[in-house]
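Enquirer: Let me see the structure of the following:
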Amino acid sequence: MIDIALFDEHKLVLEGISGMLSGISDFRVVLNCDDRNILTEKLKSMQVHVLILNMHDISVRNLNLIVQLNISNPKLKILIISVIDSEEIVLKTIKAGAKGFLGKDSDRNSLLEAVYTLRNGHDYYSKSITHLLLNRYISSLKADELNQNADIANLSSRQVEILKLWGESHTNQEIADRFFISVRTVESHKNHIMQKLNLKSTVDMVKFAIKNNIIEI
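Expert: Here you go, the predicted model:
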């Protein structure tokens, strides 16, 4: 049995969500609440698996409520329902501690799936929210790739070759012999590489080379 608490400052909406869940044999709605202070107090003495917060605005006050409930009930899984589903808002609720978010495209089946998913220990986001977060992740990857390409472009062809050989565990002497240069020149190249890439150590150089497919492992 999954024990569920509901919070909505609009009683009519609260009753609607409660009615939607009451016919599910696995669910038990143990608390309907329209007052945040009462909600906080009640949850101190109740065993609740999933808390559904229907939020009509994602204000600092509501975000603080999520944080407060997470601190006082670390095992509680909080599911947000809101028509306000911008990227910024969703990320703020996740940062505050919410484990799920249902946007305005969600229906009854989405709600049921979300409750089951949260109870099983996983996060849940409706399709529009998942799409939003995926786009953000892809954009972040593209930005990282552009930055990495820009970093590599700062290196000369000789420096890239030296970085590759160093990453493949060649010694300074071996690299010097390969290019008919002195060991001191090899060291100078390595220092310039670290400066251009803003790296702290030769270990960071190897990590950079692996991450950017300059060497294979």
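
Enquirer: Report the helix or strand with the lowest average pLDDT across the protein.
Expert: The helix or strand of the chain with the lowest confidence, counting by mean pLDDT, DSSP states H and E, is helix 127-153 at a mean of 59.

Enquirer: For my notes, confirm residue 53 occurs in a helix.
Expert: No. Using DSSP: H, G, I helix; E, B strand; the rest coil, the assignment for residue 53 is strand, not a helix.

Enquirer: which residues touch it?
Expert: 7, 8, 62, 65, 66, 78, 79, 80, 81, 98 (CB atoms under 8 Å, 6 or more residues apart in numbering). Bear in mind the C-beta positions are built from the backbone N, C-alpha and C, glycine included.

Enquirer: May I see those residues arranged in CSV, with secondary structure as well?
Expert: Output for those, formatted as CSV (three-state DSSP):
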residue, secondary structure
7, strand
8, coil
62, helix
65, helix
66, helix
78, strand
79, strand
80, strand
81, strand
98, coil
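
Enquirer: got a winner among these for most neighbours?
Expert: residue 80 (28 neighbours; other CB atoms under 10 Å).

Enquirer: Return the residues in contact with it.
Expert: 53, 55, 66, 93, 98, 100, 101, 102.

Enquirer: please redo it, this time with the cut-off set to 10 Å
Expert: Residues counted as contacts of residue 80 (CB atoms under 10 Å, 6 or more residues apart in numbering) are 51-55, 58, 62, 66, 89-90, 93-94, 96, 98-103, 114, 125, 129.

Enquirer: Please apply the same query to residue 63.
Expert: Contact analysis of residue 63 by CB under 10 Å, 6+ apart lists 55, 89, 92, 93, 95, 96, 97, 98.

Enquirer: excluding its backbone neighbours, what's nearest the second one?
Expert: On the basis of CB to CB, 6 or more residues apart in numbering, the spatially nearest residue to residue 89 that is not a chain neighbour turns out to be residue 58, at 4.7 Å.

Enquirer: How much space separates the residue lying farthest from the centre of the chain from residue 158?
Expert: For the chain, the residue at maximal distance from the C-alpha centroid (CA atoms, centre = their mean) is residue 180, at 48.9 Å. As judged by CB to CB, to the nearest Å, residue 180 and residue 158 stand 12 Å apart.

Enquirer: from memory residue 22 sits against residue 30, does it?
Expert: No. Between residue 22 and residue 30 there is no contact under CB atoms under 10 Å: 11.5 Å.

Enquirer: shared neighbours of these two, which are they?
Expert: With CB under 10 Å, 6+ apart as the test, residue 22 and residue 30 both reach residue 4.

Enquirer: who has more neighbours, the two?
Expert: More neighbours surround residue 30 than the other of residue 22 and residue 30, with 16 against 11 (other CB under 10 Å).

Enquirer: ok, the strand or helix carrying the more buried one: who's next to it in the sheet?
Expert: Assigned by DSSP states H and E, residue 30 belongs to strand 27-33. Looking at strand 27-33 with DSSP bridges, its partner strands are strand 2-7 (parallel).
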